[in-house]
Structure formats: C-alpha cells, structure tokens
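J.: pasting the sequence and the predicted model now:
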Amino acid sequence: MLYGGYDHAIDKKGRLAIPFKLRVELGEAFMVCRGIFGKRCICIYPMKEWDKLVERIGSLPMSKSSVVKRFLYDGAFSVEFDSQGRILLPASLREYAGLETEAHIIGVDSNIEIWNKDTWGKENEQYTPEAIASIVNELEV
C-alpha cells in the first residue's frame, strides 16, 4: 500500500527523488502518466496496478474507452529509478501538471500522485475535517 505525503525538489533536468518507502512499493518498473480523474497531477502506477487500470478502461463502451486511452496513453511513459532513487519526469508531464521546482508526492493506496506544491496546497484546502467526516459517515463505521 502506498501512503504518505512528501515535499521534494525537482532538479533542472526534471528529475525527482521518490522517497525510499514508496520506491520499495513501486518495484523496479512502473508507469508514469497524466492524472485522469480531473486533476492536474502526474500519477505513477506499479505495473500490476497499471494493468488493472488498463483493463478497467477497456471495459468501458468503445466510444468512451478509446477517448480515455488516447488521453492516457499519449502521456504515458515506462520509467525506472536511477542509482539515486530519482525518476526523470518527461517535459510534457511536467508541463501538464505545472511542475517546475517543487513537488508534493502523495501515496494514494495503489498509486502515487505528484502535484505542483502550490496547486496541492489549494486543492487540499477543501479537505477540511468536516468535509472528510461527511464522506466517512457514508461508511457507517
């Protein structure tokens, strides 16, 4: 399970260090792509989770799945860590997510999200304790 939030710098070459705990969970090869849930972030999927996502998208009607596949695959890259635990974020993905020098990395269960630090701050403002409580109440815990 991927979890935790981390702030990291992006170097001038577009490389981003991924925290060790998350690297262990990701494995050696994984996919980096645009976020597809209406958010301007980058997502990283372990290959097993990528395959599940692709299968779920394929279960949509063809008219919808082809649109999602074009969007997703056009900005998808197979990535590996360098010897220092960094990944190279392709320029097109950095531009999509507005990433320049600072990133916020979040483990979100089965994948990782990489956000522009300021964008994440604005996004996170809506997640008040009250807003979260109203969602959690639906669990009937």
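T.: Here it is on my side, so go on. Numbers count the residues shown, from 1 in each chain.

J.: contacts, neighbours, all on C-alpha from now
T.: Will do.

J.: Phe77 pairs with what?
T.: Under DSSP bridges, the beta-bridge partners of Phe77 are Val32.

J.: that one touches Ala29, doesn't it?
T.: No: the pair Phe77 and Ala29 fails to qualify as a contact (C-alpha atoms under 8 Å) at a distance of 10.5 Å.

J.: those two - which one has more neighbours?
T.: Remark: of Phe77 and Ala29, Phe77 carries more neighbours, 17 against 12, as counted by other C-alpha atoms under 10 Å.

J.: and the strands in the protein?
T.: 2-9, 15-17, 30-34, 42-46, 77-79, 86-88, 102-109, 111-116 (DSSP state E).

J.: could I get the average pLDDT for the first one?
T.: pLDDT averaged over strand 2-9 equals 96, rounded to a whole number.

J.: distance between the ends of stretch 123-132?
T.: One end of stretch 123-132 to the other measures 14 Å (C-alpha to C-alpha, to the nearest Å).

J.: list the buried residues in it.
T.: Buried positions in stretch 123-132, judged by neighbour count with 16 or more other C-alpha atoms under 10 Å: none.

J.: one more: stretch 11-20?
T.: Buried positions in stretch 11-20, judged by neighbour count with 16+ other C-alpha under 10 Å: Gly14, Arg15, Leu16, Ala17, Ile18, Pro19.

J.: give me the distance between it and the centre of its chain.
T.: Relative to the chain's own centre, stretch 11-20 is displaced by 14 Å; criterion: C-alpha atoms, centre = their mean, to the nearest Å.

J.: with adjacent residues omitted, what lies nearest to Ser59?
T.: Once flanking residues are discounted, Ser59 sits nearest to Ser65: 7.5 Å by C-alpha to C-alpha, 6 or more residues apart in numbering.

J.: contacts only, for that neighbour.
T.: Ile57, Gly58, Ser59 (C-alpha atoms under 8 Å, 6 or more residues apart in numbering).
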